[in-house]
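Colleague: Got a predicted structure plus its sequence, pasted below:
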Amino acid sequence: MKDQFYQYILQLQDTITSGLEQLDGTAKFQEDLWERAEGGGGRTRVIENGSVFEKGGVNISAVHGALPPTMQAYFGVGQVDFFACGLSLVLHPQNPMVPTVHANWRYFEMYEADGTVLKSWFGGGQDLTPYYLFEDDAAHFHQICKNACDRHDAGFYPLYKKQCDDYFWNTHRDEARGIGGLFFDHLQQTPERSMPDWYAFVTEVGNSFLEAYVPIVERRNKLPFTAANKTWQEIRRGRYVEFNLVHDKGTLFGLKTNGRIESILMSLPPTVQWVYDHHPEQDSEEAKLLAVLAAPRAWV
C-alpha cells in the first residue's frame, strides 16, 4: 500500500503543478529535491511572484525511521519505526478576491520490532480560506467535495465536513480559519472497509482538487481590488499563520521528526500584517466574512 500510494502522489503532484502553471500563465514551479538524514526525503515544488499566485507550494515527502520520543508519547506507543508519505499544498493568491487553498493527502505506517505493520492509516482533506466571501464559490467547493464523498458513502461528506470545521478552528481566536471542506484522519481497516477501499476514497478526493479550486480562481482573479482589500488579506493571512504554527498537527509532526524546515514552513504567506485590535466596519464585506467564520455554515 505504501508503494502504491507513493506512486499516486508522485503522479498527482505532476498533474496539479501542471494545471496550476497553466492557470497562472507566468510563473513556473521550482523543484527542490531533498533527503532526510534519518531516512527518506521529498520533492518540493514552489511557485512565487506569478500572475495569479503570490506564493504556493505542492510538496511530496516519504520519510521513515525511528519514531521520536515526542511522537511516541503523542501516539501512545513505545519505540517503534514509522513510514509516512503524503502530498501537501498551499496556494496564496495575489488578488484578495481569490481564496487561499490548502490540501493534504497522506499515508502512515508504524511497525513492530520485527517489521510487522502495527498500525496503518490514511488522512487528508482540502479546505478553502477566502478573504472576501462569495457564497457561490463556497457552494461550488463544497459540492465537489460532496460529490467525491458520495461516490463512496453518503455519510462521508457530513462527517468529514464537520471534522474539517472542528479541526481548522483557531481556538485562541474562537473563529474558523476558513469556510472548510473535508478533513479525515486515521482511516484504518475495519470489517466494513479495507485499506484498498480507503485508498480509493482518498485518491478520489485528491483527484477532485483542481475541479474544486480552479473554477473559483478563474471567476475571481480579474476582479479589481484596492490597497485596503490587500491590507485585509494580509491581516487575515496572520490568522492563517497563527493556526499553522500553533495548532496544525502536520506542522508539529514535521518539526518534531526533524522534517525539512523550508518545506514545512512553505505554507506561510509571503506578506502578513498583525494590526492591534483590528475590527472591520459594521456591515462591511469584511464583517460579513467574520460572521461566517464565527459559526460554520452548511454550504450544500
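Modeller: Perfect, thanks for sending it. Numbers count the residues shown, from 1 in each chain.

Colleague: Against which helices or strands is whichever strand or helix holds L182 packed?
Modeller: Assigned by DSSP states H and E, L182 belongs to strand 180-187. Here strand 180-187 touches strand 117-129, helix 135-150, helix 156-167, helix 195-207, going by 3 or more C-beta pairs under 8 Å, 6 or more residues apart in numbering; DSSP states H and E. C-beta coordinates here come from the backbone N, C-alpha and C atoms, glycine included.

Colleague: mind putting the ones you listed in CSV, distance to L252 and mean neighbour count included?
Modeller: Below are the helices and strands packed on strand 180-187 laid out as CSV (distance: least, C-beta to C-beta, whole Å; neighbours: other C-beta atoms under 10 Å):
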stretch, distance to L252, mean neighbour count
strand 117-129, 14, 21
helix 135-150, 25, 20
helix 156-167, 13, 19
helix 195-207, 22, 18
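
Colleague: To A73, which of those lies closest?
Modeller: Closest to A73 of those, according to C-beta to C-beta: strand 117-129, at 15.8 Å.

Colleague: strands paired with the closest one, and their directions?
Modeller: Strand pairing for strand 117-129, using DSSP bridges, gives strand 100-111 (antiparallel), strand 180-187 (antiparallel).

Colleague: could I have the longest one exported to PDB, CA atoms only?
Modeller: C-alpha atoms of strand 100-111 as PDB (Å, rounded to 0.1, in the frame of the first residue of the first chain):
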ATOM      1  CA  THR A 100      -6.200  30.700  -0.300                       C
ATOM      2  CA  VAL A 101      -6.500  26.900  -0.500                       C
ATOM      3  CA  HIS A 102      -4.900  24.100   1.300                       C
ATOM      4  CA  ALA A 103      -4.900  20.300   0.700                       C
ATOM      5  CA  ASN A 104      -3.200  17.300   2.000                       C
ATOM      6  CA  TRP A 105      -3.400  13.500   1.400                       C
ATOM      7  CA  ARG A 106      -1.200  11.200   3.400                       C
ATOM      8  CA  TYR A 107      -0.500   7.600   4.500                       C
ATOM      9  CA  PHE A 108       1.200   6.400   7.700                       C
ATOM     10  CA  GLU A 109       2.500   3.100   9.000                       C
ATOM     11  CA  MET A 110       4.000   2.000  12.300                       C
ATOM     12  CA  TYR A 111       6.000  -1.200  12.800                       C
END
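
Colleague: Check the offset of it from the chain's centre.
Modeller: 9 Å (C-alpha atoms, centre = their mean, to the nearest Å).

Colleague: I'm done for today, thanks for sticking with me.
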